[in-house]
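Participant: Got a sequence here, can you build the structure:
(one chain, ligands or ions: 2)
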Amino acid sequence: MAMTNSHNSTANLLPDFSSDANHSHQVPTSCQINNEEDESLHNKNKKCSEPKEMSEQEDDSNYKTGLHCHQDHHQGRMSLTSLVAVEPPSSEDPPTRRTIDLGHGSDLIYIQRFLPFQKSWTFFDYLDKHIPWTRPTIRVFGRSCLQPRDTCYVSSSGLTPLVYSGYRPDAYSWDEFPPLKEILDAIHKALPGSRFNSLLLNRYKGANDYVGWHADDEKLYGPTPEIASVSFGCERDFVLKKKKLEDSSLIEKRGDGGPAKKRLKRSSREEDQQRFTLKHGSLLVMRGYTQRDWIHSVPKRVKAEGTRINLTFRLVL
Ligand SMILES: O=C(O)CCC(=O)C(=O)O
Ligand SMILES: [Fe+2]
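Facilitator: Ligands and ions are numbered 1, 2, ... in the order given. Coordinates of the predicted model:
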């Protein structure tokens, strides 16, 4: 597929992220999420309904203080995208890479400015226009419903097909979307030793689009999937909650990454929750047993007016 925007090599523009530059930042652990929807863990009889929004009061300061018009993108073009609340980074800020140890063999890496700001808008525009987005019907708790976000799937040929919520997306080839290969190259460079061969794309077209609580624990990824998530456009919260074991020895003994969902509940302890406001151009990596022991979601948000595009790179074994 032809690109309408010119693209320089991302790798040339990228700083070296191969070592931790800064461990001192703290990840916010307070989490006022009242979204009790859980697509994977409980309440099978629940209607295929959408999760509750945060109230204005609960909707945290990220969205109150973080609303800034970015002035240097889409100049002279008024569009929904141009209203996205994205704060351009200060050029003085060094790129930082944080590693967050979730315990018991699970960890996260977060690089806030993984891709350069303007370059990230070029990617956003390309993906928004050229990806063959679809909004499929999926099965949740035995009911059919429209997936609350657009999606697309890209993978290398010959892999086990991805099936989730009763939906099997067609797999497009990397060759059709050169910028995706460019982003993949940048990820491989930032994560030496890691390899990804498939990509699930999500587009959240506004405040009502979301992804409910789930773990990406499909068998085709093996027991310890590494998932590299790149975000573009409107900032949204990404929330992780630790699954609560009824018998904490079970998971340790199983050790196979299998979906022990029936025996797990979400935890209510504050330290068992993590929340990130995923920035335009950021990279979040989930590693180890994160999919086995934690669930994650991108909840609805009152103030998230613009479009967000998220790419999750995975390795199908
Ligand atoms: O949009 C995101 O940040 C996460 C998407 C996700 O969890 C998924 O596609 O499995
Ligand atoms: Fe996920």
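Participant: so who does Y204 touch?
Facilitator: Shown in contact with Y204 (C-beta atoms under 8 Å, 6 or more residues apart in numbering): 149-150, 210, 234, 236, 298, 304, 307-310. Where C-beta positions appear, they are placed from N, C-alpha and C, glycine not excepted.
Participant: and what of R203?
Facilitator: By C-beta under 8 Å, 6+ apart, the contact set of R203 is 127-128, 131, 133, 149-151, 209, 307-310.
Participant: Near ligand 1, which residues of the stretch 51-200 of the chain are found?
Facilitator: Proximity of the stretch 51-200 of the chain to ligand 1 is confined to L200 under the rule C-beta under 6 Å from any ligand atom.
Participant: Name the residue of the stretch 51-200 of the chain with the shortest distance to ligand 1.
Facilitator: For the stretch 51-200 of the chain and ligand 1, the shortest gap (C-beta to the nearest ligand atom) falls at L200, measuring 4.8 Å.
Participant: Contact partners for that residue?
Facilitator: By C-beta under 8 Å, 6+ apart, the residues touching L200 are 151-153, 162, 169, 311-312, 314.
Participant: Could you list the low-pLDDT ranges of the protein?
Facilitator: 1-87, 89-95, 245-268 (pLDDT under 70).
Participant: Longest strand in it, by number of residues?
Facilitator: strand 236-245 (DSSP state E).
Participant: How about exporting the helix or strand that contains L283 as CSV, limited to the C-alpha atoms?
Facilitator: Following DSSP states H and E, one finds L283 within strand 282-288. Output of strand 282-288 as CSV, limited to C-alpha atoms (Å, rounded to 0.1, in the frame of the first residue of the first chain):
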residue,chain,number,x,y,z
SER,A,282,5.0,5.8,24.1
LEU,A,283,5.9,2.1,24.4
LEU,A,284,4.7,-0.1,27.2
VAL,A,285,5.9,-3.7,27.4
MET,A,286,4.3,-6.4,29.4
ARG,A,287,6.6,-9.4,30.2
GLY,A,288,7.0,-12.6,32.2
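Participant: what's in contact with that strand?
Facilitator: Outside strand 282-288, the residues within contact range by C-beta under 8 Å, 6+ apart are 102, 105-115, 187, 190-191, 216, 224-231, 238, 276, 278, 294, 296.
Participant: Of those residues, which belong to strands?
Facilitator: Counting by DSSP E, the contacts of strand 282-288 contribute 102, 106-111, 227-231, 238, 276, 278, 294, 296 to strands.
Participant: Roughly how far does H188 sit from K181?
Facilitator: Per C-beta to C-beta, to the nearest Å, H188 is found 10 Å from K181.
Participant: still on that earlier bit, name the helices or strands packed onto the longest strand of the chain?
Facilitator: strand 264-266, strand 273-278, helix 290-293, strand 294-298 (3 or more C-beta pairs under 8 Å, 6 or more residues apart in numbering; DSSP states H and E).
Participant: Quote the end-to-end distance of stretch 150-163.
Facilitator: 16 Å (C-alpha to C-alpha, to the nearest Å).
Participant: residues of that stretch that come out buried?
Facilitator: 150-155, 162 (16 or more other C-beta atoms under 10 Å).
Participant: Need the contact partners of it.
Facilitator: 131-136, 168-174, 176-177, 180, 197-205, 209, 218, 220, 316-317.
Participant: Please indicate which of the contacts of strand 282-288 are buried?
Facilitator: For these, buried by 16+ other C-beta under 10 Å: 102, 106-115, 187, 190-191, 216, 225-231, 238, 276, 278, 294, 296.
Participant: quick one: the strands in the protein?
Facilitator: Using DSSP E, strands in the chain cover 97-103, 106-111, 137-140, 143-146, 150-155, 198-204, 211-214, 227-233, 236-245, 264-266, 273-278, 282-288, 294-298, 308-314.
Participant: so who does W294 touch?
Facilitator: 102, 106, 215, 240-243, 286.
Participant: ChimeraX command for the buried members of those residues?
Facilitator: Buried subset of these, written as a ChimeraX selection, criterion 16+ other C-beta under 10 Å:
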select :102,106,215,240,241,242,243,286
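Participant: got JSON lines for the contacts of W294, with distance to S144 too?
Facilitator: Listed next are the contacts of W294 as JSON lines, based on distance: C-beta to C-beta, whole Å:
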{"residue": "L102", "distance to S144": "34"}
{"residue": "S106", "distance to S144": "33"}
{"residue": "A215", "distance to S144": "22"}
{"residue": "L240", "distance to S144": "28"}
{"residue": "K241", "distance to S144": "27"}
{"residue": "K242", "distance to S144": "31"}
{"residue": "K243", "distance to S144": "27"}
{"residue": "M286", "distance to S144": "29"}
